[in-house]
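K.L.:
Structure for this input, please:
(2 chains, ligands or ions: 1)
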Amino acid sequence: MSSKDRILGRIRRALRDDAPAVEIPRDYLHVHGARTPAQRVDLLAAHLAEYRAVVHRTDEEGLPALIARLLAERGARSVLVPPGLPPHWLPAAGPIRVPDRVPDRAASTPYELDRVDSVVTGCALAVAETGTIVLDAGPDQGRRRITLVPDHHICVVRVPDQVVDSIPQALPLLDPTRPLTWISGPSATSDIELDRVEGVHGPRTLEVVLVGTQ
Amino acid sequence: MTGTHLGMPAFPAAAPAFPAAAREAVRDEGLRANLRHATHTIRDKRRRAVAELEDWDRLRAAGRAVKDHTLRHLDRYLLQLEEAVTAAGGTVHWAADADEANRIVTDLVRATGEREVVKVKSMATQEIGLNEALEAAGIAAYETDLAELIVQLGHDRPSHILVPAIHRNRAEIRDIFRAEMGGWGRAAPEPLGDDPRELAEAARLHLREKFLRAKVAVSGANFMVAETGTMVVFESEGNGRMCLTLPETLISVVGIEKVVPTFRDLEIFLQTLPRSSTAERMNPYTTMWTGLGPSRGADGDGPSAFHLVLLDNGRTDTLADEVGRQALRCIRCSACLNVCPVYERAGGHAYGSVYPGPIGAILSPQLRGTGSAIDASLPYASTLCGACYEVCPVAIDIPEVLVHLRERVAQGGPVTRGGVRVTLRPADGHTAERAAMRAARLLLDRPGALRAAERLLARARRLAPRRLPGAGRAWTDSRELPTVPAESFRDWWARERSDPR
Ligand code: SF4
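P.N.:
The predicted structure is shown next:
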């Protein structure tokens, strides 16, 4: 007998008692509180900041200059770019030095990614109640590893369109067949005397740019 | 590479029974101070995180029901899961016990030609002693979670589900890093202070060289979705993401009870697990993947081979016990450890199992049977104060199962072992009662004993005679019960220490 048949047989024998069927109550809340779109964005910003993401706000027009400034402040010499990132997000040239663009390619080795300073991506959506950004490897987000190996991640969220209130609102908008990465603040550990330290293996700095649409 | 012992020492088969192990532990003042600080810190934080959700009780009831429903139809959901994972390009293996799971993983690693693997923290692989099995096959398994790294480098054993190195302070960790890192790869930077930031940086540098070159990774999973074949891993550091996305081959070893029916069901656990576990609204990283993904691993986004090893190893025997099966609802949040007065005094090692604390006291004797001294004594490693039940996000009535298992140890009765129905004989010569008394006296004859004893007796009083049969009855019969304080235990608990939710 295969182990599969053995395990399934044991399960069926184990369940012979006549315990009643279980109803799953779904009366938990779909959202915690009522918010206007602006309040939702404020809550997202507050929760992101609480878990040590650095939050910036701008509009479409101000975005390239803001990203250029963040990269310059960081001293980034190279920046990873997913194939579908809107070209105008990154400054073409300007008063400050523009970092080398490294395309997200299948052939890049982890060692190559490790030499990149920063990465700029969009996101699939953001969840205000938990301060979470979800990436689904869409064209403006790229492969999972590009937001993991470099030490500095700038993530652009279109507000209020890409912001939902809650986890129950987020799941129906996501496609489980795509790889999903849920990010809530930068990498952190509390393994040493429960002192929270940001940045162990993932990017130590997460900057979230909330871009308003007028 | 040196010939250093890379495996994490397994819990010896002949671990001392809980009372003996606890006696050792309570003598260790440093350990008790570390534990007290840690458990109280996280307990208070958790209370605040849970209080944010006004529907916590409803989420808890829903989580419990999803798990119970899945367990009632476990055969169906496992088959559905297998189909979905296979359709998405993964390969599913079934392992009836630890040996079989270890053999499957060892063969899979061997087939890649690699001699080392990186590991995401996983209780299931600790339970089966995978690191030792791989080592015996000449394969080095590197733990990449910071706490697991500390434990592995220290030739030590984990003592907590969530923070396995909770028993170590920063000075000890620095000494371990300085002494051991060099023998395993990149040495710790010199000089190395004991600031957590510096220590985390040393771990980052040490492990990064392993992540970048790793070809094979081994993980567990927090949830598996039957409907879609999606696997879910919650973590904080990014070591999980490294292991789950950079290597070419990913092998996940997961207990069969981790399956949930639908993708939607995750909305419950995404809310309850982080808050109960790390006391955060959400842990920094959660990775969800389905087989090889839309690209089938061809475009460099994630592994090009994915293997899922479904592990029984005593779970179906646990399922056969109508009272004890609720232990399979556990989502390993570790909240019950942090509120347990016995865990706080004895520490995780005293439980002689990878599952310490209240959940360990009911899970280990069910997964392994009560044949050994340690497993027979575990159901007594509790004051039955009920705090573990109050905090459990899937409402496992741990005291109920403890009393049930005490009765089994003391009186014998029908159980299922290896899928076969057998009848246990009562433990010899009231071993169980003696073990119980020793465990209780040992832990309670200490400063703070009075409060704890009152708690114990109040609970016993309230429940007797309905819930203290067998050994419990003998215990309460032979003792004068002091007057139960005017304030009820529950009120006192709610006011003093616990979480009203
Ligand atoms: S028994 Fe409950 S509280 Fe304890 S680890 Fe499991 S889910 Fe968490």
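K.L.:
Could you tell me how many residues sit around residue 170?
P.N.:
All of this is about chain A. Around residue A:170 there are 23 other residues, counting by other CB atoms under 10 Å in any protein chain shown. C-beta here means a position set from N, CA and C on the backbone, and glycine is covered the same way.
K.L.:
nope, chain B
P.N.:
Neighbour number of residue B:170 under other CB under 10 Å is 16.
K.L.:
Skipping its backbone neighbours, what lies nearest it in space?
P.N.:
residue B:194 (4.2 Å; CB to CB, 6 or more residues apart in numbering or on different chains).
K.L.:
SS state for that neighbour?
P.N.:
Of the three states, residue B:194 takes coil according to DSSP: H, G, I helix; E, B strand; the rest coil.
K.L.:
Identify the residues contacting it.
P.N.:
B:170, B:171, B:173, B:174 (CB atoms under 8 Å, 6 or more residues apart in numbering or on different chains).
K.L.:
swap in residue B:381?
P.N.:
B:18, B:22, B:342, B:346, B:350, B:351, B:361, B:439.
K.L.:
same check, this time on residue B:119
P.N.:
By CB under 8 Å, 6+ apart, residue B:119 lies in contact with B:125, B:131, B:141, B:142, B:143, B:144, B:148, B:217, B:218, B:219, B:243.
K.L.:
from those, which is closest to residue A:146?
P.N.:
Set against residue A:146, the nearest of those by CB to CB is residue B:243 (16.6 Å).
K.L.:
Would you confirm that that closest one contacts residue B:215?
P.N.:
No - using CB atoms under 8 Å, residue B:243 is not in contact with residue B:215; the gap is 11.4 Å.
K.L.:
List the contacts of the closest residue to residue A:165 other than its chain neighbours.
P.N.:
Leaving out its chain neighbours, the residue that sits closest to residue A:165 by CB to CB, 6+ apart is residue A:31, at 4.4 Å. Counting by CB under 8 Å, 6+ apart, residue A:31 touches A:129, A:165, A:166, A:168, A:169.
K.L.:
out of the contacts of residue B:381, which are inside helices?
P.N.:
Per DSSP state H, helices hold the following members of the contacts of residue B:381: B:18, B:22, B:342, B:346, B:361, B:439.
K.L.:
Tell me the pLDDT of the last one.
P.N.:
Yep, that's residue B:439 we're talking about. What the model reports for residue B:439 is a pLDDT of 57.
K.L.:
Which of residue B:243 and residue B:215 has more residues huddled nearby?
P.N.:
Neighbours per residue (other CB under 10 Å) separate residue B:243 from residue B:215, with residue B:243 holding more: 30 against 17.
K.L.:
Contacts only, for residue B:424.
P.N.:
Residues near residue B:424 by CB under 8 Å, 6+ apart: B:370, B:408, B:412, B:413, B:414, B:415.
K.L.:
Check the average confidence over the host helix or strand of residue B:176, would you?
P.N.:
Under the criterion of DSSP states H and E, residue B:176 resides in helix B:170-184. The predicted model assigns helix B:170-184 a mean pLDDT of 93.
K.L.:
ok, then the element right after that helix?
P.N.:
Using DSSP H and E, the next helix or strand after helix B:170-184 towards the C-terminus is helix B:196-213.
K.L.:
now for the helix or strand just after that next one, which elements pack on it?
P.N.:
From helix B:196-213 onward toward the C-terminus, using DSSP H and E, the following helix or strand is strand B:216-219. Applying 3 or more CB pairs under 8 Å, 6 or more residues apart in numbering or on different chains; DSSP states H and E, we find strand B:216-219 packed against helix B:98-112, strand B:116-119, helix B:239-245, strand B:249-255.
K.L.:
looking at these, which is closest to residue A:117?
P.N.:
Closest among the helices and strands packed on strand B:216-219, once you apply CB to CB, is helix B:239-245, at 18.5 Å.
K.L.:
what does the closest one rub up against?
P.N.:
Helix B:239-245 has contacts (CB under 8 Å, 6+ apart) with A:143-145, A:148, A:179, A:181, A:200-202, B:118-121, B:144-146, B:207, B:211, B:214, B:217-219, B:233, B:235, B:250, B:285, B:287, B:289, B:301-303.
K.L.:
Would you mark the buried spots in stretch B:135-153?
P.N.:
Residues B:135, B:139-153 are the ones in stretch B:135-153 that count as buried (16 or more other CB atoms under 10 Å in any protein chain shown).
K.L.:
For it, what does the pLDDT average out to?
P.N.:
93.
K.L.:
And the residue of the stretch 351-500 of chain B closest to the ligand?
P.N.:
Per CB to the nearest ligand atom, residue B:392 is where the stretch 351-500 of chain B lies closest to the ligand, at 3.3 Å.
K.L.:
Would you confirm that that residue contacts residue B:335?
P.N.:
Yes - look at residue B:392 against residue B:335 with CB under 8 Å: they come within range, at 6.6 Å.
K.L.:
out of those two, which sits in the more crowded spot?
P.N.:
Counted by other CB under 10 Å, residue B:392 and residue B:335 do not tie: residue B:335 has more neighbours, with 31 against 26.
K.L.:
hmm, back to that, distance to chain A and neighbour count added to the ones in helices among the contacts of residue B:381, as CSV?
P.N.:
CSV is the format used below for those (distance: CB to the nearest CB, whole Å; neighbours: other CB atoms under 10 Å in any protein chain shown):
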residue, distance to chain A, neighbour count
B:18, 26, 32
B:22, 23, 24
B:342, 20, 28
B:346, 19, 29
B:361, 22, 30
B:439, 27, 27
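K.L.:
tell me which strands and helices the lengthiest helix in chain A is in contact with?
P.N.:
Assignment by DSSP H gives helix A:37-50 as the longest helix of chain A. Helix A:37-50 sits against strand A:54-59, strand A:152-159, strand A:163-164, strand A:205-212, with contacts defined as 3+ CB pairs under 8 Å, 6+ apart.
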